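Participant: Sequence and predicted structure below; questions after.
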Amino acid sequence: MKILHLDSNHSLLINQLNDLGYQNDEDYTSSKEEVLAKIHNYDGFIIRSRFSIDKAFLDKATNLKFIGRVGAGLENIDCVYAESLNIELIAAPEGNRNAVGEHSLGMLLSLFNKLNKADKEVRNGKWLREENRGIELDGRTVGLIGYGNMGKSFAKKLRGFDVEVLCYDIKPNVGDANCKQVSLEELQEKSDVLSLHIPQTALTQNMINADLINGFKKSFWLINTARGKSVVTKDLVSALKNGKILGAGLDVLEYEKASFENLFSDDKMPEAFQYLINSENVLLSPHVAGWTVESKERLAQTIVDKIKVKFN
């Protein structure tokens, strides 16, 4: 098979596919139109997030047998149309779930202990101890929306704390020894922390809105290492202002583009985002929760292993 690589990845990906006898071509710079002109020559291609794979692209890929996405989600691919063409879709959520679990926990502990605020103050010569008194995670209830690879990883990290972990998921019977599956209403009633571990779908887009936020019985902390478009930012800001949300750790933002690389399409910064970047109880990172040295290797290995199982 001939495979076209559209994004750079860990070297083991191409090396191992070469060893399996596949022809591997790399093109990390051509425009989408230039790729379209030659995609019919390939049996498979491997991408991260460089551009969307839509119906027009798939119609040109007349010999395509698989698409490998070196990441967890497939939202930049028209999955329904690809599957109608019997194209195998290969993602790698197993490859970065540990990284996401650790990042989620790191964000939560940093918020609870005001580490970002305290660090900035000490660097500016301020030694404010009482103002930076933290709170403890033990004794609290952590609610997860989504209990797949990422949610399970975060729940596993929480085992060392004296916390109750609850999850809400559209799939039945996903709970395990680390987490009790409950209704959304019970999650809203009990949670002190809400952490999102959901893909981007029609069901999850704008899911965290004013109605859902105000349905929580207690004020709570929000962690989002999933997808930015699941949270309505203006509603999050309103909740931060009125104290319904006590703080937020956001690795992803509503304003991200499909490529996840560029935050804004113009120079005008949204008002809600301006509020976030000036808030001491908001922690931001650039969509890197699953972006570790180790996950880069694991993601590539996962893709190779799945290709071997399906096509060798």
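Facilitator: Good, I have the coordinates.

Participant: How about the residue sitting nearest the centre point of the chain: what's its closest non-neighbour residue?
Facilitator: With distances taken as CA atoms, centre = their mean, the residue of the chain nearest its centroid is Ala226 (3.1 Å). For Ala226, ignoring the flanking residues on the chain, the nearest one in space by CB to CB, 6 or more residues apart in numbering is Leu196 at 4.4 Å. C-betas here are computed from N, CA, C, even on glycine.

Participant: Run a quick neighbour tally on the one you found.
Facilitator: 25 (other CB atoms under 10 Å).

Participant: Quick check: beta-bridge partners of it?
Facilitator: Leu196 has these beta-bridge partners by DSSP bridges: Ile145, Asn224.

Participant: looking at it, it is touching Gly228, isn't it?
Facilitator: No. Look at Leu196 against Gly228 with CB atoms under 8 Å: they stay out of range, at 10.0 Å.

Participant: Am I right that the residue nearest to the centre of the chain is in a strand?
Facilitator: No. Checked against DSSP: H, G, I helix; E, B strand; the rest coil, Ala226 lies outside a strand; its state is coil.

Participant: contacting residues around the residue lying closest to Ser8 once chain neighbours are set aside?
Facilitator: Leaving aside its sequence neighbours, Ser8 sits nearest to Tyr28 (CB to CB, 6+ apart; 5.5 Å). Neighbour list for Tyr28: His5, Leu6, Asp7, Ser8, Arg50 [criterion: CB atoms under 8 Å, 6 or more residues apart in numbering].

Participant: Leu89 too?
Facilitator: Counting by CB under 8 Å, 6+ apart, Leu89 touches Phe66, Ile67, Arg69, Leu74, Ile77, Cys79, Ala82, Glu83.

Participant: Let me see the ranges of the strands in the stretch 151-300 of the chain.
Facilitator: Assigned by DSSP state E, counting those that start in this stretch, the strands in the stretch 151-300 of the chain fall at 164-168, 180-181, 193-196, 220-224, 245-250, 282-284.

Participant: Now Tyr147. Its backbone dihedrals?
Facilitator: phi -130, psi 60 (degrees, to the nearest 10).

Participant: how close does the residue nearest to Ala226 sit to Asn132?
Facilitator: Distance, Leu196 to Asn132, using CB to CB, to the nearest Å: 27 Å.

Participant: Tell me how many other residues surround Arg50.
Facilitator: Arg50 has 19 neighbouring residues, counting by other CB under 10 Å.

Participant: element containing it, please.
Facilitator: Element membership for Arg50 (DSSP states H and E) is empty, with no helix or strand holding it.

Participant: close enough to count as contact, it and Leu6?
Facilitator: Yes. Using CB under 8 Å, Arg50 makes contact with Leu6 at a distance of 5.4 Å.

Participant: tell me the helices in the stretch 51-200 of the chain, going along the chain?
Facilitator: In the stretch 51-200 of the chain, the helices defined using DSSP state H, counting those that start in this stretch lie at 55-60, 79-84, 93-112, 115-123, 149-157, 184-190.

Participant: so where is the chain shaky, pLDDT-wise?
Facilitator: Counting by pLDDT under 70, the chain has low-confidence residues at 258-267.

Participant: cutoff 90 now
Facilitator: Filtered on pLDDT under 90, the chain yields the residue ranges 49-52, 72-76, 255-270, 312.

Participant: how close does Ala61 sit to Ala82?
Facilitator: Counting by CB to CB, the gap from Ala61 to Ala82 is 9 Å.

Participant: residue ranges of the helices in the stretch 201-312 of the chain, please?
Facilitator: For the stretch 201-312 of the chain, the helices defined by DSSP H, counting those that start in this stretch occupy 210-214, 233-242, 271-277, 293-311.

Participant: Could you list the buried residues of the second one?
Facilitator: This means helix 233-242. Using 16 or more other CB atoms under 10 Å as the test for burial, helix 233-242 gives Thr233, Lys234, Asp235, Leu236, Val237, Ser238, Ala239, Leu240.

Participant: If anything else comes up later, I'll come back, but that's it for now.
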